[in-house]
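Peer 1: following is a predicted model, sequence given first.
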Amino acid sequence: DAGITQSPRHKVTETGTPVTLRCHQTENHRYMYWYRQDPGHGLRLIHYSYGVKDTDKGEVSDGYSVSRSKTEDFLLTLESATSSQTSVYFCAIRRDGNNEQFFGPGTRLTVL
Amino acid sequence: ELKVEQNPLFLSMQEGKNYTIYCNYSTTSDRLYWYRQDPGKSLESLFVLLSNGAVKQEGRLMASLDTKARLSTLHITAAVHDLSATYFCAVDPGNYQLIWGAGTKLIIKP
């Protein structure tokens, strides 16, 4: 357990509404990641952060934005949710040294 | 393009049998990771392999890394039902991210 929590754990929303998912860590890790997991697509990187206010895009960043104003919190925002963003979203941290990643419990998002 | 290929993608086997999952990758790397995911759950780190020839074992699972062949294996010995899960390998290409395999769904039948 790397002290990672995600909120909410489940969310149902409607197309066109904004949604923010939160990832919180307690161990002061520098790198944090947002992934989405869909059947047939495995794990895909959305955005990552390498420090406070330092973020960059992953392979599937369109339609998503992120913010990191504190070391412990990494927020993922869907500005206007679409049905294609229905997915399970995982946050992860990277442990220094061996670069091992540890995952939060996930957020199941359904966009109707 | 950096690629990580796992095979098989699906594996159904009987309890008590041995089997191997393969993870091939296309980039130079000496760091490879294995994860387990149970249905509806998050990913759990199983093994971290940090050099050529590295071998790690935990219970009925053993992972190894051959960086020259760009190949890692996850060997299951005398499988039991509790090992049913999806197993992912991931490679560290030396930058900020990991490159993930598609996962191997393992079903072990009593």
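Peer 2: Now that the structure is in, tell me what you want to look at.

Peer 1: would you confirm that residue B:83 contacts residue B:106?
Peer 2: Yes: using CB atoms under 8 Å, residue B:83 makes contact with residue B:106 at a distance of 6.6 Å. For glycine as for every other residue, the C-beta is placed from the backbone atoms N, C-alpha and C.

Peer 1: hey, what's in contact with both of the two?
Peer 2: residue B:76 (CB atoms under 8 Å, 6 or more residues apart in numbering or on different chains).

Peer 1: centroid-wise, who is the farthest residue in chain A?
Peer 2: Within chain A, the residue lying farthest from the chain centre (CA atoms, centre = their mean) is residue A:97, at 22.4 Å.

Peer 1: secondary structure element holding it?
Peer 2: Using DSSP states H and E, residue A:97 maps to neither a helix nor a strand.

Peer 1: from chain B, how far out is it?
Peer 2: Residue A:97 sits 10 Å away from chain B, going by CB to the nearest CB, to the nearest Å.

Peer 1: pLDDT at that residue, what is it?
Peer 2: As predicted, residue A:97 sits at a pLDDT of 86.

Peer 1: helix or strand right after the helix or strand where residue B:45 lies?
Peer 2: Element membership of residue B:45, judged by DSSP H and E, is strand B:43-49. Downstream of strand B:43-49, the first helix or strand assigned by DSSP H and E is strand B:55-58.

Peer 1: parallel or antiparallel, list what pairs with that following strand.
Peer 2: Using DSSP bridges, the strands paired with strand B:55-58 are strand B:61-66 (antiparallel).

Peer 1: buried residues in the partner strand, which are they?
Peer 2: Within strand B:61-66, the residues scored as buried using 16 or more other CB atoms under 10 Å in any protein chain shown are B:61-65.

Peer 1: could I get the residues you listed as JSON lines with distance to residue A:13 and pLDDT?
Peer 2: Output for the buried residues of strand B:61-66, formatted as JSON lines (distance: CB to CB, whole Å; pLDDT from 0 to 100):
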{"residue": "B:61", "distance to residue A:13": "39", "pLDDT": "98"}
{"residue": "B:62", "distance to residue A:13": "44", "pLDDT": "98"}
{"residue": "B:63", "distance to residue A:13": "40", "pLDDT": "98"}
{"residue": "B:64", "distance to residue A:13": "45", "pLDDT": "97"}
{"residue": "B:65", "distance to residue A:13": "42", "pLDDT": "96"}
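
Peer 1: please produce TSV containing the residues you listed, extended by distance to residue B:89.
Peer 2: Shown next, in TSV, are the buried residues of strand B:61-66 (distance: CB to CB, whole Å):
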residue	distance to residue B:89
B:61	13
B:62	14
B:63	9
B:64	12
B:65	10
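
Peer 1: in the sheet, who's paired with the residue nearest to residue B:54 when sequence neighbours are not counted?
Peer 2: Distances taken as CB to CB, 6 or more residues apart in numbering or on different chains place residue B:65 nearest to residue B:54, at 4.7 Å, with adjacent residues excluded. Beta-bridge partners of residue B:65, counted by DSSP bridges, are residue B:72.

Peer 1: and what of residue B:11?
Peer 2: residue B:106.

Peer 1: how near is it to chain A?
Peer 2: 16 Å.

Peer 1: again with residue B:57
Peer 2: 18 Å.

Peer 1: cheers, nothing more for now.
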